[in-house]
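Q: build me a structure from this.
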Amino acid sequence: MAKTERRNTATEHKIEEFAEDLGNLLGSATAKAESWLNQRQQIVKRLTDVRDTASKLLSELGHQAQSAVKVGTKAYGKRRGRPVGSKNKGSGKAIIIVGGKQKRTMSAKARAAISRAQKARWAKQKAGAKKN
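A: Reported below is the predicted structural model:
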């Protein structure tokens, strides 16, 4: 029975060591998690303060900018450009800008000439294909 008791005692000792190690690991993990939660709460508080300060500054800036515009129009007179509510929108011919260049328009006469020339090229190509 002595061997069985030694084995049981050794096994119990190993289990106790494992339980202690597990307890230490769980304790340090819990401490880390609590530390991270505290850091997160501090970050949230700081971000909230920054957001509130920014909102306050923007609202103050908005009021100051509006008053500056009102003062500016009185000091400098009329605004530049087309009057507000003007119905003069242009001549009706719009220039479309593609890739920084103006899109060119082609007259009906030029379009017809190009069409005739292309049809002649196709006819010539078709006639050459029939000979071969």
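
Q: now the strands for the protein?
A: Along the chain, counting by DSSP state E, strands occupy 97-98, 101-102.

Q: what pLDDT, on average, does the first one get?
A: Strand 97-98 shows a mean pLDDT of 57 in the predicted model.

Q: now for this protein, the helix or strand with the poorest mean pLDDT.
A: When each helix and strand of the chain is scored by mean pLDDT, DSSP states H and E, strand 97-98 comes last, with a mean of 57.

Q: just checking, what packs against the lengthiest helix in the chain?
A: The longest helix of the chain (DSSP state H) is helix 2-76. Using 3 or more CB pairs under 8 Å, 6 or more residues apart in numbering; DSSP states H and E as the contact test, no helix or strand touches helix 2-76. Every residue, glycine included, has its C-beta placed from N, CA and C.

Q: low-confidence ranges, the protein, go.
A: 1-4, 65-80, 83, 85-101, 132 (pLDDT under 70).

Q: burial measure for Ala19, as a count.
A: Counted by other CB atoms under 10 Å, the residues lying close to Ala19 total 10.

Q: quick one: stretch 6-17 to chain centroid distance?
A: 61 Å (CA atoms, centre = their mean, to the nearest Å).
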